[in-house]
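1. structure here, sequence nowhere to be found:
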């Protein structure tokens, strides 16, 4: 029995103590500080070294979760997008509204699962949105998903019902996260590939004691540029959506939100990642660039001037410091396009 216990003391017991220690440390020190989507995804305790308070205020526009809820509504602008269109008061729509335009936001419950280009096409095609609902339709997308989403537009009349969505079930628990502790340990030791990448900046572009550090989502590197064999299809699909909107008397704008990496890549010291030109490629698409608004050109001057927290350190999303100027410039461009349309008439 003593020999058995002795073997346990240097075989099983150390592993058990490591497991218990890891679980306690993770749940006490790491888990409470996993702020932002990058913190949750990469198990990074941003709460220990970064914190930014976004401005608080009442959202100056209504949300609509179903096509039916848009009936009888009338706005200058209707936005359809992904999580960047669901940031509330700090989001880009506040910037659009600041230019004097009225706005509604179509945000189905399962928005992370949707293709906003498909949503926009379906809303028009099924008669849920026309010129009585909005004069301008803004389809917003994160840059890194732009190629896949545009290529995925389905215009087949037999495609079936696209406007019904299922809200995924999310179970919440207050129990100690054993699985989370295991994932953190594997990420910390490098035993699994990290979904959140880290780099050092040449300038201090975030607040806090580690303001020269950059954290990005690995998928920011997924599409470094538009593939040549996809370019013509992307252009054709954008034209199809533009034509569909025009037939309904609606002016179309596509808002491309730049990826965090592409915005900061020129400020990374000894950049270990490949260069990315996707935003620039999108802005120069032949024949459709006139109704594509790429936000990176608004943001580069702020970052070059040393503005901190243009994006959130703990998140793949931008802060109000980026969203509001982009929204304001887009709003002015929408008004300019509307004046041009009136002149033509």
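-> Good, I have the coordinates. Because the structure is a prediction, the values reported are computed rather than measured.
2. beta partners for residue 75?
-> residue 134 (DSSP bridges).
3. that one against residue 131, yeah?
-> No: between residue 75 and residue 131 no contact is recorded; they are 11.1 Å apart, counting by Cβ atoms under 8 Å. The way it works is simple: take the backbone N, C-alpha and C, and place the C-beta from them, glycine included.
4. which residue of these two possesses the greater neighbour count?
-> Shown here are residue 75 and residue 131; by other Cβ atoms under 10 Å, residue 75 has more neighbours (19 against 14).
5. how about the contacts made by that one?
-> 102, 103, 104, 133, 134, 135 (Cβ atoms under 8 Å, 6 or more residues apart in numbering).
6. ok, now residue 35?
-> Counting by Cβ under 8 Å, 6+ apart, residue 35 touches 46, 47, 50, 51, 314.
7. which of the residues you listed are buried?
-> 46, 47, 50, 314 (16 or more other Cβ atoms under 10 Å).
8. so what's the last one up against?
-> Each residue near residue 314 by Cβ under 8 Å, 6+ apart is listed here: 35, 36, 37, 38, 39, 44, 46, 50, 215.
9. of the residues you listed, closest to residue 182?
-> residue 44 (16.2 Å; Cβ to Cβ).
10. now residue 122, what's its secondary structure?
-> Assigned by DSSP: H, G, I helix; E, B strand; the rest coil, the conformation of residue 122 is helix.
11. pLDDT score assigned to it?
-> pLDDT for residue 122: 93.
12. how about residue 105?
-> As predicted, residue 105 sits at a pLDDT of 97.
13. please, which helix or strand holds it?
-> Per DSSP states H and E: residue 105 is located in strand 103-106.
14. what does that strand rub up against?
-> With Cβ under 8 Å, 6+ apart as the test, strand 103-106 has contacts from 60-64, 70, 73, 75-80, 85-86, 93, 96-97, 119, 123, 133-134.
15. helices - which of those land there?
-> Among those, DSSP state H puts 93, 96, 97, 119, 123 in helices.
16. does the last one touch residue 69 like I think?
-> No: when contacts are counted by Cβ under 8 Å, residue 123 is not listed as touching residue 69 (11.5 Å).
17. name the helix or strand for residue 216, please.
-> Per DSSP H and E: strand 213-217 holds residue 216.
18. wait, residue 108
-> Using DSSP H and E, residue 108 is not contained in any helix or strand.
19. so for stretch 52-69, mean pLDDT?
-> On average, stretch 52-69 scores 94.
20. quick revisit: in JSON lines: the buried ones among the contacts of residue 35, plus distance to residue 198.
-> Listed next are the buried ones among the contacts of residue 35 as JSON lines, based on distance: Cβ to Cβ, whole Å:
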{"residue": "46", "distance to residue 198": "12"}
{"residue": "47", "distance to residue 198": "17"}
{"residue": "50", "distance to residue 198": "13"}
{"residue": "314", "distance to residue 198": "12"}
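21. what stretches of the stretch 201-345 of the chain score poorly on pLDDT?
-> 341-345 (pLDDT under 70).
22. where do the strands sit along it?
-> For the stretch 201-345 of the chain, the strands defined by DSSP state E, counting those that start in this stretch cover 213-217, 251-257, 292-294.
23. show me what the last one packs onto, helices and strands only.
-> Other helices and strands packing on strand 292-294, by 3 or more Cβ pairs under 8 Å, 6 or more residues apart in numbering; DSSP states H and E, are strand 251-257, helix 278-283, helix 320-344.
24. give me the contacts around it.
-> 143, 238, 253-256, 258, 279-280, 282-283, 285, 329-330, 333.
25. ends of stretch 252-271, how far apart?
-> 37 Å (Cα to Cα, to the nearest Å).
26. check which residues of that stretch are buried.
-> So stretch 252-271, judged by 16+ other Cβ under 10 Å, has buried residues 252-265, 267-268.
27. in terms of helices and strands, where is the closest residue to residue 250 other than its chain neighbours?
-> Computed as Cβ to Cβ, 6 or more residues apart in numbering, the closest residue to residue 250 that is not its neighbour in sequence is residue 137, at 5.0 Å. Counting by DSSP H and E, the element that carries residue 137 is strand 134-142.
28. before we move on, the earlier item: given the strand holding residue 105, what are its sheet partners and their directions?
-> Strand pairing for strand 103-106, determined by DSSP bridges: strand 63-64 (parallel), strand 75-80 (parallel).
29. quick one: closest of these to residue 182.
-> Nearest of those (Cβ to Cβ): strand 63-64, 37.3 Å.
30. quick check: residue 96 touching residue 85?
-> No: using Cβ under 8 Å, residue 96 is not in contact with residue 85; the gap is 11.0 Å.
31. overlap of the contact sets of these two?
-> With contacts defined as Cβ under 8 Å, 6+ apart, the residues shared by residue 96 and residue 85 are residue 79.
32. of those two, which one has the most company?
-> Between residue 96 and residue 85, residue 96 has the larger neighbour count (other Cβ under 10 Å), namely 30 against 23.
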